[in-house]
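S.K.: Take this sequence and fold it.
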Amino acid sequence: AEGCAAHRTPAFLASLSTDNVARDLDRLRTALGEETITYYGISYGTVVGPMYATLFPDRVRQMVLDAPVDTTLWTGDSLEFLDEVAVASERTLDAWFDTCSTEGAEVCPFGDGDPAAAFDALVAGLERRPAPARAVEGLAPAGVVDGAMLLETARGAAGDRTLWPVLTTALTTAQQGDGPLAHLLYRTLTV
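M.R.: Residues are numbered from 1 along each chain as shown. Model (predicted):
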């Protein structure tokens, strides 16, 4: 917070609010020429959606909030909130590890029967030496994949069972030192 305050103007910092995100969303609606929006919110989107509906109730066609955030924790006890998010993310990742182990190498070739141990080793290895990621034309610039990025990517992808095959391939190729798919998945899920 101190670093942010030292490098940003007070006016900019004061503009960082959920109600302003909702106002930005309304500008997108206007730019698209739509009278109303259909909105699907997850994570922080479950905070933005209700704010939008409060500010612009006549501009909502439909709204779905998937796993709403407990805003009392969000604003009142952020450490407890972040702890709950981390625990839930780890449980989701553990479910992927269990499924990968159960289905075997033909379905889930990552980890040679112990995907959790292989994942920990991969994250640690990428922290020591990130994997290069060449650009994917039109989708992602060149970059690198380090251990923290891979952990965040895996937590995000594990939360959507339809992404499990992509996660498996991204981890397998990253394990081989080839980072483009993991980098693309990271950018898709977190940026």
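
S.K.: Buried residues, the longest helix anywhere in the chain. List them.
M.R.: Looking across the chain with DSSP state H, the single longest helix is helix 78-103. Neighbour-count burial for helix 78-103 flags F81, S89, T92, L93, W96, F97, T99, C100 (criterion: 16 or more other C-beta atoms under 10 Å). Yep, even glycine has a C-beta here, placed from its N, CA and C like the rest.

S.K.: helices and strands around it, which ones?
M.R.: Applying 3 or more C-beta pairs under 8 Å, 6 or more residues apart in numbering; DSSP states H and E, we find helix 78-103 packed against helix 71-76, helix 115-128, helix 147-158, helix 164-175.

S.K.: Mind putting those into TSV with mean neighbour count?
M.R.: Listed next are these as TSV, based on neighbours: other C-beta atoms under 10 Å:
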stretch	mean neighbour count
helix 71-76	13
helix 115-128	16
helix 147-158	21
helix 164-175	20
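
S.K.: Packing partners of the worst-scoring helix or strand of the chain on mean pLDDT?
M.R.: For the chain, scoring each helix and strand by mean pLDDT, DSSP states H and E identifies helix 71-76 as the least confident one, at a mean of 74. In terms of contacts (3+ C-beta pairs under 8 Å, 6+ apart), helix 71-76 is packed against helix 78-103.

S.K.: if you average pLDDT over the helix it packs on, what comes out?
M.R.: The predicted model gives helix 78-103 an average pLDDT of 88.
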